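[1] Fold the following.
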Amino acid sequence: MIHKKMKKLFLILVLIILIVIAKFGFQPLTISIDAQKALIEEVGVYSNEVRRLPDGTFLVAVRTFMPDVKAEMVKWWFSDYLQTTEHYKKWHPKDHVWMDWENKEKGRIIGASHLVHEYIGGDLLKLRIQFVSPTELFGYDPNNKNTFVICARVGLIDEEINQAKMCHIVRDTEDGAEMRSRFWLGHIAKRKENEIIPSLVGFVGNTFLVRLLLLNENDADNLREHAKEEMEYLGNLLPTIYQ
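    You can find the predicted model right below:
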């Protein structure tokens, strides 16, 4: 009898351990700390990289030099200029197909959602990029006259599911600006309009094992290449368009 109880207790303990590992895995630094690292510590040494983090998510990091561009110009591009599909296609003539806005106010970007159809790695993705206050990822607002920071939750248009988070950090330099883009893939959340809501999809999707199974390096690398190309296009476009 004691042996059976011990065996049952052992099985329950193993099950609990597996659930904990599946849910939490080996946790990395929080996004907030990682975002601040990109803003403060990695100026001039920022790596272009794709890396799986200890919680099963992928980090995609892209650095873009923008001669003759200033942070204020990038802010203007997002908050004022980018209004039509024609504008959007200039940003990446090959990959960008269509765009629209949701909850967009002139001169503002936080609270708006950019609805886009774009090719990444040969696949047509239909994405909803909901711009949020940088305080959500940084814990404070790092924007100033020489720095523009824009952050977002990235989800699907056709389903109320978010799949990633991202930030673009633009800082003025002596001869222009430097953009450091950061994407964190695998942050799953059910949403209702702009609000994140608790769900089984979010719980299961954010487990270590599910991230390990569903996220792959090839998709992350395709995003890195796409972001590199579109930000190079933007850096070339802005000096002329802004004038």
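
[2] so which helix or strand takes in the residue nearest to the spatial centre of the chain?
    Geometric centre of the chain, nearest residue: Met166, 2.2 Å, by Cα atoms, centre = their mean. Element membership for Met166 (DSSP states H and E) is strand 161-173.

[3] Please apply the same query to Leu137.
    helix 135-138.

[4] do the same with Thr240
    Assigned by DSSP H and E, Thr240 falls within helix 217-242.

[5] Wait, the residue nearest to the centre of the chain touches Arg182, no?
    Yes - at 6.6 Å, Met166 counts as touching Arg182 under the criterion of Cβ atoms under 8 Å. Every residue, glycine included, has its C-beta placed from N, CA and C.

[6] Quickly list what's touching both of these two.
    Residues touching both Met166 and Arg182 (Cβ atoms under 8 Å, 6 or more residues apart in numbering): none.

[7] Give me the three-state assignment for the closest residue to Gly107 other than its chain neighbours.
    Take Gly107 and drop its neighbours on the chain: the residue closest to it by Cβ to Cβ, 6 or more residues apart in numbering is Ser79, 5.5 Å away. Classification of Ser79 using DSSP: H, G, I helix; E, B strand; the rest coil returns helix.

[8] can you tell me the average pLDDT over stretch 47-67?
    For stretch 47-67, the mean pLDDT works out to 91.

[9] Show me what the top strand by length along the chain is packed against.
    The longest strand of the chain (DSSP state E) is strand 176-192. Strand 176-192 sits against helix 31-36, strand 58-67, helix 71-76, strand 147-156, strand 161-173, strand 195-197, helix 200-205, helix 217-242, with contacts defined as 3 or more Cβ pairs under 8 Å, 6 or more residues apart in numbering; DSSP states H and E.

[10] What residues sit buried inside stretch 92-102?
    Neighbour counts over stretch 92-102 (16 or more other Cβ atoms under 10 Å) mark 92, 95-97, 99 as buried.

[11] what does stretch 168-184 give?
    Those would be 168-173, 176-184, for stretch 168-184 by 16+ other Cβ under 10 Å.

[12] how much space is there between Asp95 and Gly107?
    Look at Asp95 and Gly107: by Cβ to Cβ, to the nearest Å, they are 27 Å apart.

[13] actually Ser181, not the one I wrote
    Distance of Ser181 to Gly107, given as Cβ to Cβ: 23 Å.

[14] Can you report how many residues neighbour the closest residue to Asp175 other than its chain neighbours?
    In this structure, Asp175 finds its nearest non-sequential neighbour in Pro67, 5.7 Å apart by Cβ to Cβ, 6+ apart. Using other Cβ atoms under 10 Å, Pro67 has 11 other residues around it.

[15] for stretch 119-134, which positions count as buried?
    120, 125, 127-132, 134.

[16] Nearest to Met73 among the residues you listed?
    Nearest to Met73 out of those is Phe131 (Cβ to Cβ; 17.5 Å).

[17] and the residue nearest to Gly107, what does it touch?
    Per Cβ under 8 Å, 6+ apart, neighbours of Ser79: 107-109.

[18] hang on, the earlier thing: what's the strand holding Met166 packed up against?
    Applying 3+ Cβ pairs under 8 Å, 6+ apart, one finds that strand 161-173 contacts helix 71-76, strand 147-156, strand 176-192.
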